[in-house]
Structures are given as C-alpha cells and as structure tokens.
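# Below are the sequence and a predicted model for it; my questions follow.
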Amino acid sequence: EVQLVESGGGMVEAGGSLRLSCATSGFRFDDYAIGWFRQAPGKEREGVLCISSLDGVTYYTDSVKGRFTISSDNAKKTVYLQMNSLKSEDTAVYSCAADLVLPYCGTSDANFGYWGRGTQVTVSS
C-alpha cells in the first residue's frame, strides 16, 4: 500500500523557517515524481514544488522561488520542503503527492494519484 505522511508543520513568525517532510512507503523509490501542494482557507489548491527522479525540480509557483527548496533522500524514501523567509501568505495546509505512473512533475496535480493527509503551516505576521 502506497503511503505518504507529512510532518514538520507548525506555527512560525514571518521571516522564519520550517522544513516539511514527506515520508513515503509502499513503492520503489526510483521512478517517481513527488510534489508539494498547498491549500489556504477559501482558496484552490496550488502547486508549490515538485521533484522527479527523471527530470529534476519544477517550481509550480514563482512566489516561492528563492525561498523554498525541495530535496529527496532516497535511502530514507523521504522528500523535504525547506521553507525560508516565510510570509503570512504561505499559511496553508501543505500536502505531498506522488505520481508513480508517469514520474514527471508536469504542470498540474492531475496525474498525482497518491496523497498524504497534509500538515498545517501557519505564519504569523
């Protein structure tokens, strides 16, 4: 059974940092695309960043460039989202998702078939 479990969320002041983790299990961590997505109250889900074993890193939104990075630890089968210089507008539930069929990040969340439950990130201004 494929599982993705997020951790690392919390409350932080503006300008602070958090590192989210997406621990995966149930599939071979070789061909994959793992993406981070977020949804703020009253807003649609938005793609943040994605990492693919085949085509590297994709930013889904320019608003996090220079502040957020994504990385993977193949031995731990975990993908990380490092968030620096956090802003109040980054407040959202952050979820990770996996595309194991076509392991490319693409341009949307349409092909991500496996999702975690999410972790809350709250940035106070």
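That came through fine.
# so the residue positioned nearest the centre of the chain bridges to which residues?
Nearest residue to the geometric centre of the chain (Cα atoms, centre = their mean): Trp36, 2.0 Å. Beta bridges link Trp36 to Leu49, Cys96, judged by DSSP bridges.
# isn't it right up against Ala92?
No - between Trp36 and Ala92 there is no contact under Cβ atoms under 8 Å: 10.5 Å. All C-beta spots, glycine's among them, are computed from the backbone N, C-alpha and C.
# what about the strands in the chain?
Ranges of strands within the chain are 3-7, 10-13, 18-25, 33-39, 46-52, 56-59, 68-73, 78-83, 92-99, 114-115, 119-124, based on DSSP state E.
# and those strands as a markdown table, adding mean pLDDT?
Listed next are the strands of the chain as a markdown table, based on pLDDT from 0 to 100:
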| stretch | mean pLDDT |
| --- | --- |
| strand 3-7 | 98 |
| strand 10-13 | 98 |
| strand 18-25 | 98 |
| strand 33-39 | 97 |
| strand 46-52 | 97 |
| strand 56-59 | 95 |
| strand 68-73 | 97 |
| strand 78-83 | 98 |
| strand 92-99 | 97 |
| strand 114-115 | 98 |
| strand 119-124 | 98 |
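# Distance to Cys105 added to the ones you listed, as JSON lines?
As requested, the strands of the chain are arranged in JSON lines below (distance: least, Cβ to Cβ, whole Å):
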{"stretch": "strand 3-7", "distance to Cys105": "16"}
{"stretch": "strand 10-13", "distance to Cys105": "26"}
{"stretch": "strand 18-25", "distance to Cys105": "14"}
{"stretch": "strand 33-39", "distance to Cys105": "5"}
{"stretch": "strand 46-52", "distance to Cys105": "4"}
{"stretch": "strand 56-59", "distance to Cys105": "4"}
{"stretch": "strand 68-73", "distance to Cys105": "10"}
{"stretch": "strand 78-83", "distance to Cys105": "12"}
{"stretch": "strand 92-99", "distance to Cys105": "8"}
{"stretch": "strand 114-115", "distance to Cys105": "15"}
{"stretch": "strand 119-124", "distance to Cys105": "21"}
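# Alright, calling it a day.
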